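A.B. asks: Any chance you can model this:
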Amino acid sequence: MRTLYQFPLSHFCEKARWLLDHKELDFVAHNLVPGFHRAFARLKTGQNNLPILKDDTHWIADSTEIARYLDETYPEHNLLPNRFGLREEVLHLNHEANLLGVHVRHWVWSQMIVRNNTSLDTLLGESGYLRKLKKYSKPLVKTLISHGFQLDAERLAESKQYILTFAEKFTTQPRYLLAERLTLADISVCSMLAPLLNIAGTPWELDSFDRISDEAYAFSLQLQNLPIGQYVMQIYATERNARVDWHGI
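C.D. replies: Predicted coordinates for the structure are as follows:
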């Protein structure tokens, strides 16, 4: 059985889940805890980040490398077009989306983790020592995230502007971004922007806007009304056929 090592709330891990779902491949989503994941990731892949896919004896880190591996190993429902030129365009937009994702992560962690204790509960998992020792582990995880992502006001303002600049580049709502069907580029852009759009069924759906600031609420509405926001919500409604629960185990 394939195993995807993930953070439930990570949009990079959502991207990897979507890649596997698009390929219609069975897998288990296994949760690690931010901060504590680094030793495991370093041991298995020589780097510190998630997602990590284990497929038989193969360990693949990074969502883009997972996409490349899946296309090479399971060519059906390919993520990267074979046509010369188009493949490079897809990879370029995927790269731009990954850069965007760093800024989205800063903004979303500040709103959902530092302000929203329910999201912290998700990170502690459903069982295990972190859940049993919640009184002590919860503030520790919150501190690790705040320090790890340097969630200061100046950096958050820069990230917010970066997101808006990226979003406003799309002046019309496309059917697909670069090809006549879903590609890695679509999955990347949608996954990176999804945490900002309150999409039903995703890890970032909010049952109450009281859990985020007025600024975050207004920013979400602003993005939802842009062509790219409409596109992302449409693609999630029509193409995101999730086969595995994002909560993981």
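A.B. asks: By residue count, tell me the biggest helix in this protein.
C.D. replies: Longest helix in the chain by number of residues (criterion: DSSP state H): helix 86-108.
A.B. asks: domain assignment for this protein?
C.D. replies: Using automatic domain parsing, the domains assigned to the chain come out as 2-73, 87-112+152-239.
A.B. asks: tell me the SS of the spatially most distant residue from the centre of the chain?
C.D. replies: Distance from the C-alpha centroid of the chain, by Cα atoms, centre = their mean, peaks at Phe84 (28.2 Å). What DSSP: H, G, I helix; E, B strand; the rest coil gives for Phe84 is coil.
A.B. asks: Mind pulling up the pLDDT for it?
C.D. replies: With respect to pLDDT, Phe84 has a value of 85.
A.B. asks: and if you look at the one 5 residues further on?
C.D. replies: In this prediction, Glu89 carries a pLDDT score of 97.
A.B. asks: Over to Glu168?
C.D. replies: Per-residue pLDDT puts Glu168 at 96.
A.B. asks: so it makes contact with Asn225?
C.D. replies: No. Look at Glu168 against Asn225 with Cβ atoms under 8 Å: they stay out of range, at 11.5 Å. The C-beta positions use only the backbone N, C-alpha and C, and glycine is treated the same way.
A.B. asks: With Leu206 as the reference, measure out to Val232.
C.D. replies: 16 Å (Cβ to Cβ, to the nearest Å).
A.B. asks: Then Ile212?
C.D. replies: 7 Å.
A.B. asks: again, but for Asn198
C.D. replies: Applying Cβ to Cβ to Asn198 and Leu206 gives a distance of 5 Å.
A.B. asks: Lowest-scoring secondary structure element of this structure by mean pLDDT?
C.D. replies: Every helix and strand in the chain was compared by mean pLDDT, DSSP states H and E; the lowest is helix 129-132, with a mean of 47.
A.B. asks: Flag the shaky bits of this structure, pLDDT-wise.
C.D. replies: For the chain, the stretches flagged by pLDDT under 70 are 112-151, 208-211.
A.B. asks: Shouldn't His30 be within a strand?
C.D. replies: Yes. Judged by three-state DSSP, His30 forms part of a strand.
A.B. asks: Looking at strand pairing, list the partners for it.
C.D. replies: Under the criterion DSSP bridges, His30 forms beta bridges with Tyr5.
A.B. asks: my guess is it meets Thr3, correct?
C.D. replies: Yes. Counting by Cβ under 8 Å, Thr3 is a contact partner of His30 at 5.3 Å.
A.B. asks: What segments of this protein are helices?
C.D. replies: For the chain, applying DSSP H gives helices covering 11-22, 37-45, 63-73, 86-108, 117-123, 129-132, 134-148, 153-167, 184-193, 214-224, 227-239.
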